[in-house]
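> Sequence unavailable; structure follows:
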């Protein structure tokens, strides 16, 4: 009788002590999310956008990239057009510029450098269209998901084999126990 009462007393004391000490020690620890999102670590960790925010973030990135690309192209084309204006007078040595016809039958004066620049711009535009097509194709395959394991009859056969092996092992152990 004394032993059972003492055991119960120790258990009750231990539980009381545990309820007093446990909450204070639990406050000493932080979850990984709390550590990453704390003010001290905010500059080092930028959580990825949620599934709902990805389209908005992607649209913002595409618009900023397009603006940057347009700014760079404008800078390149502005500097190349001023260079072509200076070099065109030197290349022609006083001769008249080449006359070309537009699709409407109108004649326009374009130097060889202008024609080369126009062809380069056409190639750049074609490359940009091809890149956009690749981006669209890759976006469609982003959410395809991982292949899932089948759960049909292909799973039933191994489960039946495992159940049979377990039953056979139990039967064998029961038989050996009976022989003793």
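Received the coordinates, thanks. As the structure is a computational prediction, the values presented were derived from the model and not from experiment.

> Number of residues surrounding residue 12?
10 (other Cβ atoms under 10 Å). The C-beta positions use only the backbone N, C-alpha and C, and glycine is treated the same way.

> Against residue 18, how distant is it?
11 Å (Cβ to Cβ, to the nearest Å).

> In which helix or strand does residue 66 reside?
When elements are assigned from DSSP states H and E, residue 66 belongs to helix 54-92.

> ok, residue 114 - how many residues close by?
Residue 114 has 19 nearby residues by other Cβ under 10 Å.

> For residue 15, which three-state class applies?
Here residue 15 is helix, with the state taken from DSSP: H, G, I helix; E, B strand; the rest coil.

> Can you check what pLDDT the model gives it?
Predicted confidence (pLDDT) for residue 15: 89.

> and what of residue 115?
88.

> cool, and residue 108?
pLDDT, residue 108: 59.

> what mean pLDDT does the helix holding residue 66 have?
76.

> Is residue 114 within a helix or a strand, and which one?
Secondary structure assignment for residue 114, by DSSP H and E: helix 112-142.

> Please identify the next secondary structure element, helix or strand, after that helix.
Toward the C-terminus, helix 112-142 is succeeded by helix 153-179 as the next helix or strand (DSSP H and E).

> where's residue 46 relative to residue 117, distance?
Taken as Cβ to Cβ, the span from residue 46 to residue 117 is 41 Å.

> Which one's more surrounded, these two?
A count of neighbours by other Cβ under 10 Å puts residue 117 above the other of residue 46 and residue 117, at 16 against 8.

> any idea how far that one is from residue 18?
81 Å.

> repeat for residue 122
For residue 122, the distance to residue 18 - Cβ to Cβ - is 78 Å.

> Please apply the same query to residue 48.
The spacing between residue 48 and residue 18, counted by Cβ to Cβ, is 39 Å.

> So residue 46 belongs to a helix, correct?
No: according to three-state DSSP, residue 46 belongs to no helix; its state is coil.

> got a pLDDT number for it?
73.

> do the same with residue 2
61.

> Residue 10 too?
We have a pLDDT of 86 for residue 10.

> can you tell me which helix or strand it belongs to?
helix 2-26.

> Would you mind identifying the next helix or strand past that helix?
From helix 2-26, the next helix or strand downstream (DSSP H and E) is helix 32-36.
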